[in-house]
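*Asks:* Based on what follows, work out the 3D shape:
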Amino acid sequence: MDLNLLSLFATVAECESFSTAADKLGVRRSSVSRGIAGLERSLGVQLFSRTTRHVALTTAGKALYGKVAPQLVALREAVGSLPEREEQPSGELRVTAPTDLGTWLLPALLAGFTLRYPSVQFDIRLTNRLVDLVAEGFDIALRASGPKLADSSLVAKKLSDIEMQIYAAPDYLSRSGTPRTTEDLDEHQWVRMRMHRWPTTLPSVSQKHQHILGDDILFILEAVRAGLGLGMLPSYLAREDVTAGTLVRVLPRVCIDSGALYLVHPPAQHVPRKILAFRDYVAAHFAAHPLVSRVK
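*Replies:* As a prediction, the model looks like this:
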């Protein structure tokens, strides 16, 4: 059964006029007449008694209207209440991010965003594994990547460059000395991320001193802060410690470009308003507050 014809039938029944129904629907009267005639043929019953001045429901028409009208109202309400069809973004937004980025960046972003769009609710999942957004049902992700994203099928928005710098705790430097050149780095203990390759811009470091490997950048930060050795950290993550004096930047002229921060989401013909709103809000934030300051 064609729902459009049932909706047309209900409109004629409520208006008690083909012409008035045509005006309400923005179509020609002849289109309304053909639609009702086609519905009557498919059902095998007459739905309206027609005179030159009046249109009235037959017994069969009254029975059909009584069954159909409430269902049409429910369908319209269901479609109209879909979050993506509302003027303001709403509904649940499922976001995933690496543990360090999510912990450090998301709370402040969500605080501002939810003030502006209070009808959006969040389900946040922090993990260092690469999440399959489509298979696992996520709307959007923050990802730190090298020059090229691992999954090129996603819609990606670059938010900011990321750079790594070398840091150490003051008490470590007082015990072990402060490197003055890159060649001095081989004389120091290191706290390193397991999956990070050693930068080609630096001389290679041997294993003659103790190395601590970890798989979480927040652990690396805490270990460097505790004085366990030198560590390469994202500049945005160490900024507050440098200001507070709990970390010291070693070899200030050495910067290692390590990629960029992206916001990614699955492609769609009609991207939900909640995704567009969050993407635009986050992009505007990083345009005003990039993770890397190019002023040296």
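
*Asks:* looking at it, Phe48 is touching Ala60, isn't it?
*Replies:* No: contact criterion Cβ atoms under 8 Å: Phe48 and Ala60 do not qualify, at 9.7 Å. All C-beta spots, glycine's among them, are computed from the backbone N, C-alpha and C.

*Asks:* more neighbours, those two?
*Replies:* Between Phe48 and Ala60, Phe48 has the larger neighbour count (other Cβ atoms under 10 Å), namely 19 against 15.

*Asks:* and the more buried one, what does it touch?
*Replies:* Contact analysis of Phe48 by Cβ atoms under 8 Å, 6 or more residues apart in numbering lists Val12, Ala13, Ile36, Val55, Ala56, Leu57, Thr58, Gly61.

*Asks:* Distance check, it against Ser33.
*Replies:* Plainly put, Phe48 is 10 Å away from Ser33 if you go by Cβ to Cβ, to the nearest Å.

*Asks:* Ok, Leu101 next?
*Replies:* 62 Å.

*Asks:* and the next element down the chain from the strand or helix carrying Val191?
*Replies:* Take DSSP states H and E as the rule and Val191 turns out to sit in strand 190-193. Using DSSP H and E, the helix or strand that follows strand 190-193 in sequence is strand 211-214.

*Asks:* ok now that next one, how far from the chain's centre?
*Replies:* Relative to the chain's own centre, strand 211-214 is displaced by 33 Å; criterion: Cα atoms, centre = their mean, to the nearest Å.

*Asks:* Name the residues that touch that strand?
*Replies:* By Cβ under 8 Å, 6+ apart, strand 211-214 touches Gln189, Trp190, Val191, Arg192, Met193, Arg194, Ile220, Ala223, Leu228, Gly229.

*Asks:* Quick check: closest non-adjacent residue to Leu8.
*Replies:* Gly35 (4.7 Å; Cβ to Cβ, 6 or more residues apart in numbering).

*Asks:* in what helix or strand does that neighbour lie?
*Replies:* Judged by DSSP H and E, Gly35 forms part of helix 29-43.

*Asks:* Quick check: the farthest pair among the contacts of strand 211-214?
*Replies:* Greatest spacing in those, by Cβ to Cβ: Gln189 and Arg194 (16.2 Å).

*Asks:* So the two - more neighbours on which side?
*Replies:* Neighbours were counted for Gln189 and for Arg194 using other Cβ under 10 Å; Gln189 has more, 17 against 9.

*Asks:* Go ahead and confirm that one touches Gly177.
*Replies:* No: if you go by Cβ under 8 Å, Gln189 and Gly177 don't touch, sitting 11.6 Å apart.

*Asks:* remind me which residues of the stretch 101-250 of the chain are low pLDDT?
*Replies:* Scanning the stretch 101-250 of the chain for pLDDT under 70 picks out 146-152, 207-209.

*Asks:* all helices for it, in order.
*Replies:* Applying DSSP state H, counting those that start in this stretch to the stretch 101-250 of the chain gives helices spanning 133-136, 170-176, 217-225, 235-244.

*Asks:* Could you export those as CSV, including mean neighbour count and distance to Leu6?
*Replies:* Shown next, in CSV, are the helices of the stretch 101-250 of the chain (neighbours: other Cβ atoms under 10 Å; distance: least, Cβ to Cβ, whole Å):
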stretch, mean neighbour count, distance to Leu6
helix 133-136, 12, 35
helix 170-176, 15, 76
helix 217-225, 20, 58
helix 235-244, 16, 58
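
*Asks:* Turn those into JSON lines, including distance to Val27.
*Replies:* Converted to JSON lines, the helices of the stretch 101-250 of the chain look like this (distance: least, Cβ to Cβ, whole Å):
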{"stretch": "helix 133-136", "distance to Val27": "40"}
{"stretch": "helix 170-176", "distance to Val27": "78"}
{"stretch": "helix 217-225", "distance to Val27": "61"}
{"stretch": "helix 235-244", "distance to Val27": "58"}
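
*Asks:* any idea which helix is longest in this structure?
*Replies:* Ordering each helix of the chain by length in residues (DSSP state H) puts helix 59-80 first.

*Asks:* quick one, it and helix 29-43 angle?
*Replies:* Relative orientation of helix 59-80 versus helix 29-43 (axes from the mean of the first three to the mean of the last three Cα atoms, to 10 degrees): 110 degrees.

*Asks:* Pull out the buried residues from helix 59-80.
*Replies:* Buried residues in helix 59-80, counted by 16 or more other Cβ atoms under 10 Å: Gly61, Leu64, Tyr65, Val68, Ala69, Leu72.

*Asks:* longest strand in the chain, by residue count?
*Replies:* strand 155-168 (DSSP state E).

*Asks:* now it, how far from the chain's geometric center?
*Replies:* Using Cα atoms, centre = their mean, the offset of strand 155-168 from its chain centre is 18 Å.
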